[in-house]
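Engineer: the sequence and its predicted three-dimensional model are supplied below.
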Amino acid sequence: MKTKEAGFTFLEILLAAAAAIIILGGAVMLIFQTTRIIRDSNDGFTALQNAASAASWVSRDTRMADSIMAEDLPYPEILAVAWTEWGFGTDSVYHSVTYAIAGLSGDIGTLKRMHQSSTGLSEETIIANNIYYDPALPGVSTSAIYQGSMLSLKVVVLVGEVREVREYQIYHRPDFRGD
């Protein structure tokens, strides 16, 4: 008389364990891949926000400026603009804004806006983070070039593994004063 065996054979257990390991490995790989995609997406969004912030501030100041300097500035300044807020008699207010790369560490820093006026205003604002700036490599670095009545602004932002390069053409306002 034969007795009926209950349970699984060793081969069945090995096959079930192998299938479970394969499924678990695939799930872990999917989690890591999804995490990497989300991280890169967030880094890309952050880089775009920083580039857009820099362009917005520089564009605003450039369009108001009476004078623009983008060459021969002391390191690490990249742009200097000045304008007059015309008033009546002695009520005119003179403004100057300088943009510089601050806190450089490994060619990555912050874009700082320093604004001063004849009313005594003196403020510093960080307008963009993770700015790539290497004056030895102006072709691939954040830079500003002013020619004619147009400012060419290149903003290079590095966040994590994401490099975002944005180039802007900002036109200087026309001078209608007839000086």
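Structural biologist: Alright, I've got the coordinates. Residues are numbered from 1 along each chain as shown.
Engineer: neighbours around residue 49, how many?
Structural biologist: Close neighbours of residue 49, defined as other Cβ atoms under 10 Å, add up to 15. Placement of C-beta: from N, CA and C, glycine included.
Engineer: again but with residue 22, I slipped
Structural biologist: So residue 22, with other Cβ under 10 Å, has 10 neighbours.
Engineer: distance from the chain centre to whichever strand or helix holds it, please.
Structural biologist: Applying DSSP states H and E as the criterion places residue 22 in helix 10-64. The chain centroid and the centroid of helix 10-64 are separated by 19 Å under Cα atoms, centre = their mean, to the nearest Å.
Engineer: which residues does the following helix or strand past that helix contact?
Structural biologist: Sequence-wise, the next helix or strand downstream of helix 10-64 (DSSP H and E) is strand 67-69. The contact list for strand 67-69, computed with Cβ atoms under 8 Å, 6 or more residues apart in numbering, reads 62, 79, 80, 81, 82, 83, 146, 151, 172.
Engineer: cool, stretch 86-102 as well?
Structural biologist: 58, 61, 64, 73, 76-85, 109-119, 126, 131, 133, 142, 144.
Engineer: in that stretch, what's buried?
Structural biologist: Neighbour-count burial for stretch 86-102, counted by 16 or more other Cβ atoms under 10 Å, picks out 95, 96, 97, 98, 99, 100, 101.
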